[in-house]
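Chemist: Structure for this input, please:
(2 chains)
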There are 2 protein chains.
Amino acid sequence: MIITEKNIVIAVDAMGGDNAPNAIVQGAAVATLESPGKVILVGDEEKITDILSRETYDSDRLEIVHTDETIDMTDMPRDAVRRKSKASMIVAVKLCAEGRAHGVVSAGNTGAYVLASSLHIPRIVGVSKTAIATVYPTRNVQKRADHFALLLDVGANIHCAVDDMVQFALMGKIYASDIKGIEDPTVALLNIGKESYKGGDLLSTVYRILSNLPGVNFIGNIEGNEVMLGMSDVVVTEGYVGNIVTKMMEGMAETASHLGRYAFKHRLLWRLGLIALSGGIRRLKRSTDYSEYGGAPLLGFKEIVIKAHGRSGAKAITNAIKLAAKSHRDNICGRIEREITEFESLNIAGKFENSSL
Amino acid sequence: MIITEKNIVIAVDAMGGDNAPNAIVQGAAVATLESPGKVILVGDEEKITDILSRETYDSDRLEIVHTDETIDMTDMPRDAVRRKSKASMIVAVKLCAEGRAHGVVSAGNTGAYVLASSLHIPRIVGVSKTAIATVYPTRNVQKRADHFALLLDVGANIHCAVDDMVQFALMGKIYASDIKGIEDPTVALLNIGKESYKGGDLLSTVYRILSNLPGVNFIGNIEGNEVMLGMSDVVVTEGYVGNIVTKMMEGMAETASHLGRYAFKHRLLWRLGLIALSGGIRRLKRSTDYSEYGGAPLLGFKEIVIKAHGRSGAKAITNAIKLAAKSHRDNICGRIEREITEFESLNIAGKFENSSL
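Modeler: This is a model prediction of the structure:
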């Protein structure tokens, strides 16, 4: 079968996320109108039908699979995945694993989602660890079409081996080239210094391999203060650090809002100043609005797995569904498989073990 | 000899830092007037004398030790420390190691400084790894007297063992209680989730020990988005992560300035808005001005070692010298030794190996 967007089916966990099921169902409804594929909403049929009754959507492109179990944000992942085998998230993942859907989207409990995907969807041959790749806003010093860069892993794993991180670079590069439409995206390693020997054995070995790897446009190490510059389209790091970095950016944005609210409330002159700046602030917010991207892919699985932000609104969900459909159409998983196989064959041949700096 | 501030001698690397020797010598000159101890300036005597000739200072409290070698910011640490045994930084560290000074201050090459200190100044008995502790601005949700919290390690090490991190908590607590004047400072672990089991074996074991350690006011894990809230007076992390977190905060501040400059230049309305907000921006800058603290201590050495920021101006240097004198007077190193010994005796007795969560 030729893959066109028309054949593509995306399973959506209707009950996961802070604004579920409302925002999820509304976002899916819009997706049936704006995207030619089909959506399967998994969750409480009565609630879903009720929300849909107030929305416009293409009923030929929307199916509901009922289940009344859900995994909450506060559930312990391992426990939830074991006990709640009929939870909307698990059923959605299984639809994808069984080939009834080509991709799955959830805004629910991240830990449970990673675990459920690992249990049911096979990894691409040769991939040792999957990774969550997220986009984050930058100062766009490379003058790309948008202000985002890709950071991975941000929490599928805690620590990694050398090969895992090299694979993250390959997977991130393929994904970035696809979603950003850049031919040869730049790749950097997050480290504590510019020099190739920095960061201990793990990072210096990854540095050496990436420097010599054909097809990877490696620009070297970037440091914490350079993360926001956007010098690189893809930033590779271990999950532990990636998680802290991503959350710090959220914390900074929250602090900026807090300062703004404080200033607005406390002095008339400051309020006037903020009003004068409001056009600029709106523009900044627009250019840093992650919901345009819809979600973060879990890279390394044989099917498309998209994690939408827990706070996703309807627009983010629509975009996450479109992202899943596009990623399947563009055969991201197949392209990752090809590059990983190539790398592994080079690696087995000892090419990188013997290369010197 | 009773330690009073009058007897205290601080050795200062006059040639290290972006603004050396001018800012260093000027800062030291002010310190001789504002602090009762003595300063030894180590570096090029001719240059130092020339700068001093334009400054007011107390000549009874200032000595110069001449050397014409210097370590640059771009020098490779290991190499520089080996080849340049007469560099101002090394000589200053040695003055401290030999007992001619009670503390040392440098704004020079951090890697070389850590290495030189490790080579010449003994560690406190029982301390397995020294740590760089830095203050960073927070939203001060604990309503302390100032807006800073202490983060360690930020780069003396890359990775750590369990005991190292527990010792960081002890050292950080003692230092924070001294410089902030808080009786029982709160201590947190930087991690990827709130739950005690998060972050892998290393962090979950550290969590368990800190939860049970008498004398440590441990509040649990904090995540990346909480770093800036200031929920905790002391934040413990591995050097690799601490380095990236600290530099990210610098990067954020730089990005905020960049956005401000852009807005100021691009639209009259935005310029007026910024002018209206300038009082608030000034207040924010004042409350986040690290130069009040002067520098970051390298904790775990038997003498006081203070790393001033590479970009330090005269005021930061004056404060770094005062900080070194105060740390010596308050016997920070002795207090660390006592607490570490206590912890190690508990540890050897197996108290924490057997404790359950």
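
Chemist: which residues in chain A form strands?
Modeler: Assigned by DSSP state E, chain A shows strands spanning A:9-13, A:38-43, A:62-66, A:103-106, A:131-137, A:148-152, A:186-190, A:217-222, A:234-236, A:296-299, A:304-307.

Chemist: Please identify which of these is closest to chain B.
Modeler: The closest of those to chain B is strand A:186-190. By C-beta to the nearest C-beta, the value is 6.5 Å. In this view, the C-beta of every residue, glycine as well, is placed from N, C-alpha and C.

Chemist: hang on, the earlier thing: in JSON lines: the strands of chain A, plus mean neighbour count.
Modeler: Formatted as JSON lines, the strands of chain A follow (neighbours: other C-beta atoms under 10 Å in any protein chain shown):
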{"stretch": "strand A:9-13", "mean neighbour count": "29"}
{"stretch": "strand A:38-43", "mean neighbour count": "27"}
{"stretch": "strand A:62-66", "mean neighbour count": "18"}
{"stretch": "strand A:103-106", "mean neighbour count": "33"}
{"stretch": "strand A:131-137", "mean neighbour count": "25"}
{"stretch": "strand A:148-152", "mean neighbour count": "27"}
{"stretch": "strand A:186-190", "mean neighbour count": "24"}
{"stretch": "strand A:217-222", "mean neighbour count": "20"}
{"stretch": "strand A:234-236", "mean neighbour count": "30"}
{"stretch": "strand A:296-299", "mean neighbour count": "28"}
{"stretch": "strand A:304-307", "mean neighbour count": "28"}
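
Chemist: contacting residues for residue A:48?
Modeler: Residues near residue A:48 by C-beta atoms under 8 Å, 6 or more residues apart in numbering or on different chains: A:14, A:21, A:25, A:41, A:64.

Chemist: a markdown table for the residues you listed, including distance to residue A:142?
Modeler: Formatted as a markdown table, these follow (distance: C-beta to C-beta, whole Å):
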| residue | distance to residue A:142 |
| --- | --- |
| A:14 | 38 |
| A:21 | 39 |
| A:25 | 38 |
| A:41 | 38 |
| A:64 | 43 |
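
Chemist: Farthest pair within the residues you listed?
Modeler: Based on C-beta to C-beta, the longest span within these runs between A:21 and A:64 and measures 11.0 Å.

Chemist: Overlap in contacts, those two.
Modeler: By C-beta under 8 Å, 6+ apart, residue A:21 and residue A:64 have these common neighbours: A:43, A:48.

Chemist: Would you check which of the contacts of residue A:48 are in contact with chain B?
Modeler: Contacts with chain B are made by none of the contacts of residue A:48, judged by C-beta under 8 Å from any C-beta of the partner chain.

Chemist: Am I right that residue A:72 is in contact with residue A:89?
Modeler: No: contact criterion C-beta atoms under 8 Å: residue A:72 and residue A:89 do not qualify, at 10.4 Å.

Chemist: Show me the shaky parts of the stretch 201-350 of chain A.
Modeler: By pLDDT under 70, the low-scoring segments of the stretch 201-350 of chain A are A:348-350.

Chemist: Might you enumerate the residues of it proximal to chain B?
Modeler: Residues of the stretch 201-350 of chain A lying near chain B (C-beta under 8 Å from any C-beta): A:223-229, A:239-241, A:243-252, A:254-256, A:258-259, A:263, A:267, A:269-270, A:272-277, A:279-280, A:284.

Chemist: These in helices, which ones?
Modeler: When DSSP state H defines the helices, the subset of these inside them is A:239-241, A:243-252, A:254-256, A:258-259, A:263, A:269-270, A:272-277, A:279-280, A:284.

Chemist: thinking again about what came up before, are any of the residues of the stretch 201-350 of chain A next to chain B buried, and if so which?
Modeler: Neighbour counting with 16 or more other C-beta atoms under 10 Å in any protein chain shown marks A:223-229, A:239-241, A:243-252, A:255, A:263, A:270, A:273-274, A:276-277, A:280, A:284 as buried within those.

Chemist: Around chain B, pick out the residues from the stretch 1-150 of chain A.
Modeler: Counting by C-beta under 8 Å from any C-beta, the stretch 1-150 of chain A sits next to chain B at A:76, A:139.

Chemist: Let me see the residues that make contact with stretch A:307-324.
Modeler: Here stretch A:307-324 has contacts from A:10, A:12, A:17-19, A:22-24, A:26-28, A:30-31, A:34-35, A:39, A:73, A:102-108, A:110, A:113, A:132, A:179, A:290-298, A:304, A:306, using C-beta under 8 Å, 6+ apart.

Chemist: roughly how far is it from the heart of the chain?
Modeler: 10 Å (C-alpha atoms, centre = their mean, to the nearest Å).

Chemist: And for stretch A:303-316?
Modeler: Centre-to-centre, stretch A:303-316 and its host chain are 8 Å apart (C-alpha atoms, centre = their mean).

Chemist: Can you report how many residues lie near the closest residue to residue A:116 other than its chain neighbours?
Modeler: Of all residues not flanking residue A:116 in the chain, residue A:93 sits nearest, at 4.7 Å (C-beta to C-beta, 6 or more residues apart in numbering or on different chains). Residues lying near residue A:93 (other C-beta atoms under 10 Å in any protein chain shown) number 30.

Chemist: and residue A:93, what does it touch?
Modeler: A:11, A:104, A:106, A:113, A:116-117, A:120-121, A:305.

Chemist: One more: residue A:218?
Modeler: Residue A:218 touches A:169, A:186-189, A:210-211, counting by C-beta under 8 Å, 6+ apart.

Chemist: Look up the closest residue to it, ignoring the ones flanking it.
Modeler: Residue A:218's closest residue in space is residue A:210 (C-beta to C-beta, 6+ apart), at 4.2 Å.

Chemist: Next, count neighbours for that neighbour.
Modeler: 22.

Chemist: Was I right to think it contacts residue A:168?
Modeler: No: using C-beta under 8 Å, residue A:210 is not in contact with residue A:168; the gap is 10.2 Å.

Chemist: what do the two both touch?
Modeler: Joint contacts of residue A:210 and residue A:168 (C-beta under 8 Å, 6+ apart) are residue A:236.

Chemist: hang on, the earlier thing: so which of the strands of chain A comes closest to residue B:154?
Modeler: strand A:186-190 (15.4 Å).

Chemist: Please export the C-alpha coordinates of that closest one as CSV.
Modeler: Extracted as CSV, the C-alpha positions of strand A:186-190 are listed here (Å, rounded to 0.1, in the frame of the first residue of the first chain):
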residue,chain,number,x,y,z
THR,A,186,23.6,20.9,12.9
VAL,A,187,24.1,18.6,15.9
ALA,A,188,25.8,19.5,19.2
LEU,A,189,26.6,17.8,22.5
LEU,A,190,25.6,19.5,25.7
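
Chemist: Tell me the buried residues in stretch A:157-169?
Modeler: So stretch A:157-169, judged by 16+ other C-beta under 10 Å, has buried residues A:157-160, A:162-169.
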